[in-house]
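> okay, here's the prediction I keep looking at, along with the sequence it came from:
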Amino acid sequence: MTVAADVKTLVIDGKHVSAGGDQTVLEVARENNIFIPTLCHLDGLSDVGACRLCLVEVKNSNKLTPACMLRVEEGMEVTTTSERLRHYRQTILELLFAERNHVCSVCVANGNCELQSLAQSQGLTHVRLPYRNPKLDVDASHERFVADHNRCILCTRCVRVCAEVEGAHVWDVMGRGVDSMVITDLHQPWGESSCTRCGKCVQVCPTGALSDKGKLGWDHPKHPEFLTYLNMMREAQ
Amino acid sequence: MSKTKLATVWLDGCSGCHMSFLDMDERLLDLSSQFDLVFSPLVDFKVYPDSVDVALVEGAISSVEDERKIHHIREHTKFLVAMGDCAVAGNVPAMRNPFGTAAILKRAYTENVSAQPQIPCVIVPELLEKVRPVHEFVAVDMYIPGCPPSADTFFTVLTELLAGRTPDVGSLTRFGA
Ligand code: SF4
Ligand code: SF4
Ligand code: SF4
Ligand code: FES
């Protein structure tokens, strides 16, 4: 018996592309070198559609849909760049900057930050919204790492990598809306939590929110690509 | 053709933007044939002139005096540039915002002082409750993020502006650059 491969064809930015039936529009776009900005998505982790930066337009729908959560469909027509999308993406970035305290010049991630580089690539030169300036904690209780909530964008990559890949599930989210916070265990200090000290969360954090105490100042490149490699090696076993 | 009247202004910043501006070195001489520096902390003019073509404003708005100045500058300037992250985003001066002005003054003038602790209330201007970027007070025509923006960024931006063109600032610099 032969099983018919589940292949779908769709159009992204006028380009005809084919995809596996369970793929997302984001995956297919990336395979075809079509750039869609993302923050919460990371290859190797489940998708949650939290940041909304990957919004795309789908023909015959008024809604903007996050590409990382959008399954391909036969005959689908997707647009990844338009004036409307540019406007929303810029506004989302501005909301992220205004929500907490991002002082790039003195941030451990300056020059190595996905939020910062996205802002630049999306043409953001200033934030039109008033800054909220919340008073937020820095948790330096861990022997090796620091969590600075001033820089957190609630992408939950740390939560997912710790639960899905490390299997420790130290991180979680508490609170609602702008008051949401990532926490370790049941809001214990990180240094007193059940953390295994593997450092995966630090490597996948796109901003300066999680950092390594051993790194000085701006010298903090992250290497989230370890995740694809790790998954590959595990699958090979 | 009359030369462009250029002003540079120093509000609540560290002067790093002005230092970076000076880092253009000999390129400043090439540019200087195209503008008159009519107001700047680099020269000794006391009064902001009535009509300025381009003003580069360094620093956030932090005190009642900054606020008064920026309104005056805006009124008398055709093209106002927010220069550097303090002017553009608040940056380091705005790090006091989460704590509130009272706590900051207390920290600086009483908690850390052994002799005659007192919060100054004459001559020095009163602080605003929050440090804010320039565009939250007046309209800004161009933003040059960076802490500080590099001399190369200044050179490209000024060359383009003096030639009557609009530079693509985003490709030259970013927040924290
Ligand atoms: S986390 Fe990124 S955007 Fe935020 S202050 Fe640090 S470098 Fe800037
Ligand atoms: S370092 Fe700790 S908190 Fe971070 S992923 Fe590893 S176990 Fe989880
Ligand atoms: S700490 Fe980093 S990885 Fe975790 S939610 Fe915040 S920004 Fe994302
Ligand atoms: S990457 Fe799709 S919503 Fe964040």
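Now that the structure is in, tell me what you want to look at. Ligands and ions are numbered 1, 2, ... in the order given.

> how many neighbours does the residue in chain B positioned nearest to chain A have?
Nearest residue of chain B to chain A: B:Gly176, at 2.7 Å (C-beta to the nearest C-beta). To be clear about C-beta, it is placed using only N, CA and C from the backbone, and glycine gets the same treatment. By the measure other C-beta atoms under 10 Å in any protein chain shown, the count of residues near B:Gly176 is 24.

> before we move on, what about B:Ile123?
The number of residues near B:Ile123, taken as other C-beta under 10 Å, comes to 5.

> what mean pLDDT does stretch A:224-235 get?
Stretch A:224-235 shows an average pLDDT of 90 in the prediction.

> point out the residues in chain A that sit beside ligand 2.
Taking C-beta under 6 Å from any ligand atom as the test, the list of chain A residues beside ligand 2 reads A:161-162, A:166, A:168, A:170-171, A:195-201.

> swap in 8 Å and give it another go.
Residues of chain A found near ligand 2, taking C-beta under 8 Å from any ligand atom as the criterion, are A:145, A:158, A:161-162, A:165-166, A:168-171, A:184, A:190, A:193-202, A:210.

> could you pull out the buried residues of the helix or strand hosting A:Leu96?
A:Leu96 is part of helix A:83-99, with elements assigned from DSSP states H and E. Buried residues in helix A:83-99, defined by neighbour count with 16 or more other C-beta atoms under 10 Å in any protein chain shown: A:Leu85, A:Arg89, A:Gln90, A:Ile92, A:Leu93, A:Glu94, A:Leu96, A:Phe97, A:Ala98, A:Glu99.

> just flag the most distant two among those.
A:Leu85 and A:Glu99 (21.0 Å; C-beta to C-beta).

> would you state the helices of chain B in chain order?
Counting by DSSP state H, one finds helices in chain B at the ranges B:16-22, B:27-32, B:64-75, B:84-89, B:101-106, B:151-162.

> please identify the deepest-packed of the ones you listed.
With neighbours defined as mean count of other C-beta atoms under 10 Å in any protein chain shown, the helices of chain B peak in mean count at helix B:84-89, which reaches a mean of 30.

> does ligand 1 have contacts with that helix?
No: no part of helix B:84-89 sits near ligand 1 under the criterion C-beta under 8 Å from any ligand atom; the closest distance found is 9.6 Å.

> contact partners for the closest residue to A:Gly191 other than its chain neighbours?
Of all residues not flanking A:Gly191 in the chain, A:Ser141 sits nearest, at 3.3 Å (C-beta to C-beta, 6 or more residues apart in numbering or on different chains). If a contact means C-beta atoms under 8 Å, 6 or more residues apart in numbering or on different chains, then A:Ser141 has A:Pro189, A:Trp190, A:Gly191, A:Glu192 as its contacts.

> the second one reaches A:Asp139, doesn't it?
Same thing as A:Trp190. Yes: the criterion here is C-beta atoms under 8 Å, and A:Trp190 meets it with A:Asp139 at 5.1 Å.

> between these two, who's got more neighbours?
Relative neighbour count places A:Trp190 above the other of A:Trp190 and A:Asp139, with 22 against 19, counting by other C-beta under 10 Å.
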